[in-house]
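Asker: give me the fold of what follows.
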Amino acid sequence: MPLSKNIFFLTFLLIMLTLLNISGICGELEKLTDRKWILTDIQYGGMDKDDLSHRGYFLIFHYNYEMTYKLDSNPGKIQIAAMTNNNILYKYIKSDEQTYNGKVAEKVYQLLIKAQRYTLSGDTLDLISDFGYIRFMAQPFKDSGLSGTWILNAYTNIETENQIKTPDKLRRPIKLHFNDDGTNGTADGITEFNEIKSKYELTDTNIIKFKTVNIPPKVEKNEWNEKFWEIIKFTSSYVVKNDILQIFYYENKEYMEFQLEEEQK
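Answerer: Next up, the predicted model:
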């Protein structure tokens, strides 16, 4: 076979394999999204099965292949690389804490991050590793659409049509990562010189209220960063359109516009 035909065939094969993998991931994830998975049981090593339904630990699967979770008071996220034939493969894991408040939460965390397989039967999900399994039961859940990391691009005043865009030569952009259960969530991130730690509440349709926001320990150097700290506590609603997030404030007269950050390995 000529070289050009070989190259064409290999390219075609790679494209088909990629499409098959993507469709497989979407098909598997579709069964898990739009549900909140509450932890019920754990079996770790030789220990007896333990009922943990009272602890309120949960997982949420999102359509962007992100799995967010909460153990004790610590949120985290896992980016899923593939879910095929009841096998699960992660790209990376991020947690606010590397240690947990109790021995039980630590065991759950270890089983979660080491999971290699899963089984799904109706409203019951098991994540399985060589060390044991954790079992979850599904509850109804509506994805807020906020999952992921967002980069601030502009402040816009709707009435005056005045817009402040990202200044040149910033040391780093303003970023926020959202993690919620459809009602309450945490938004962590960075400005140019400070870290952001906040909690927010979702009520009704697309209503967002930041209940707590940390005080920045360092002085910001320009209006771009100072403005963020001034307005974050006055948010009122949000709109997600594909990879654009608008968070409105001052009675919906102005909004911050964010761009979804492409996840890195």
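Asker: stretch 44-52: which residues count as buried?
Answerer: Y44, L52 (16 or more other Cβ atoms under 10 Å). Yep, even glycine has a C-beta here, placed from its N, CA and C like the rest.
Asker: quick check: mean pLDDT of that stretch?
Answerer: Across stretch 44-52, the average pLDDT comes to 79.
Asker: next, the distance between the ends of it.
Answerer: End-to-end distance for stretch 44-52, by Cα to Cα, to the nearest Å: 13 Å.
Asker: again with stretch 166-177
Answerer: End-to-end distance of stretch 166-177: 18 Å, with Cα to Cα as the criterion.
Asker: how about stretch 89-106?
Answerer: 21 Å.
Asker: can you list the weak-confidence ranges in the stretch 1-150 of the chain?
Answerer: Residue ranges of the stretch 1-150 of the chain with pLDDT under 70: 1-26, 96-102.
Asker: what segments of it are strands?
Answerer: 35-44, 50-51, 58-61, 66-71, 74-84, 87-95, 117-121, 124-129, 132-140, 148-157 (DSSP state E, counting those that start in this stretch).
Asker: could you redo these as a markdown table and give each row distance to I232?
Answerer: Below are these laid out as a markdown table (distance: least, Cβ to Cβ, whole Å):
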| stretch | distance to I232 |
| --- | --- |
| strand 35-44 | 26 |
| strand 50-51 | 40 |
| strand 58-61 | 24 |
| strand 66-71 | 21 |
| strand 74-84 | 18 |
| strand 87-95 | 22 |
| strand 117-121 | 37 |
| strand 124-129 | 35 |
| strand 132-140 | 30 |
| strand 148-157 | 11 |
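Asker: of all those strands, which lies closest to V219?
Answerer: strand 148-157 (18.9 Å; Cβ to Cβ).
Asker: how distant is the helix or strand that comes right after that closest one from the center of its chain?
Answerer: Following strand 148-157 in sequence order, the next helix or strand is strand 163-165 (DSSP states H and E). The chain centre lies 27 Å from the centre of strand 163-165; the measure is Cα atoms, centre = their mean, to the nearest Å.
Asker: so what pairs up with the nearest residue to K114 once chain neighbours are set aside in the strands?
Answerer: Among residues not flanking K114 along the chain, S129 sits closest, at 4.1 Å (Cβ to Cβ, 6 or more residues apart in numbering). Note on S129: beta-bridge partners by DSSP bridges are G132.
Asker: contact partners for S129?
Answerer: L111, K114, A115, Q116, R117 (Cβ atoms under 8 Å, 6 or more residues apart in numbering).
Asker: quick one: it and T166, what's the gap?
Answerer: Note on S129: its distance to T166, by Cβ to Cβ, to the nearest Å, is 43 Å.
Asker: go ahead and confirm A105 touches Y69.
Answerer: No: contact criterion Cβ atoms under 8 Å: A105 and Y69 do not qualify, at 10.9 Å.
Asker: what do the two both touch?
Answerer: Contacts common to A105 and Y69, judged by Cβ under 8 Å, 6+ apart, are Y57.
Asker: looking at these two, which is more packed in?
Answerer: Y69 (23 against 19; other Cβ atoms under 10 Å).
Asker: surely the more buried one meets F61?
Answerer: No: assessed by Cβ under 8 Å, Y69 is found out of contact with F61, at 10.0 Å.
Asker: of all the contacts of S129, which comes closest to G148?
Answerer: Nearest member of the contacts of S129 to G148, counting by Cβ to Cβ, is A115, at 21.6 Å.
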